[in-house]
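Asker: mind folding the following:
(chains A, B and C)
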Amino acid sequence: MQALPRSFYNRDTVAVAHDLLGKLLVKKTDGITRVGKITEVEAYLGPHDLAAHTSKGLTPRTRVMFGPPGYAYVYLIYGMHHCMNVVTDADGTGAAVLLRAVEPVLNLDDNTRGPGRLCRAMGIDRSLYGHDLCSADFFLSEPDTPQSTIHIVSRPRIGVDYAGDWAHKPLRFYIDGSPWISRP
DNA sequence: TTGGCGATTTTC
DNA sequence: AAAATCGCCAAA
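Answerer: Alright, predicted model coming up:
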């Protein structure tokens, strides 16, 4: 099981978001390997995207998101839940893809729908802020067995009603027909 | 230093 | 429908 190369992330964010669907998220903790298949994501394109955290500019929190691709952007939301993103596109772009749901594959309970639940099931917290995803203990990879062709559904992103025109752009993507989705 | 708020989840 | 709960950030 090999980590996707950094070049995978160093591309257009929407393209990466599409291609992340069906990939495996792998986390090794204390000798336990947890694996989930990504079923739902959201793209955050950069400072011009009013729903993206980087629209607030370069701050300590957004530092990683403005950095080179292939690193984890993990943050705490509502004082109690963590959200996991992968930084995308060229260094300095300020874009990322939020992982919203996975299908349990190995050592996960079935409570993996929703960004907060996904992080809880995988054991992801802020200690992984800025963690290199081209690493041995936390990474994404191709599935072991080739995927049959999947259909991708596009919907407006969730929880970003404050973002004006950007609130209804169809930047949420999920695998059509998958039961492992945070909501229809 | 302070106050408002959030890429959510759970419970009432 | 509303609470839980705290780090981030803009304003003072």
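Asker: so who does the residue most central in space within chain A touch?
Answerer: Central residue of chain A (Cα atoms, centre = their mean): residue A:99, 2.8 Å from the mean position. By Cβ atoms under 8 Å, 6 or more residues apart in numbering, the residues touching residue A:99 are A:20, A:25, A:38, A:40-41, A:84-86, A:115, A:118. Where C-beta positions appear, they are placed from N, C-alpha and C, glycine not excepted.
Asker: correct me, but residue A:119 touches residue A:81?
Answerer: Yes: look at residue A:119 against residue A:81 with Cβ atoms under 8 Å: they come within range, at 7.0 Å.
Asker: neighbour-wise, which of these two wins?
Answerer: Each of residue A:119 and residue A:81 has its neighbours counted (other Cβ atoms under 10 Å); residue A:119 has more, 22 against 15.
Asker: so what's that one closest to, chain neighbours aside?
Answerer: Excluding its sequence neighbours, the residue lying closest to residue A:119 (Cβ to Cβ, 6 or more residues apart in numbering) is residue A:82, at 3.9 Å.
Asker: residues contacting that neighbour?
Answerer: Residue A:82 makes contact with A:74-76, A:115-116, A:119-120, A:124-126 under the criterion Cβ under 8 Å, 6+ apart.
Asker: isn't there a strand covering it?
Answerer: Yes: Residue A:82: assigned to a strand according to DSSP: H, G, I helix; E, B strand; the rest coil.
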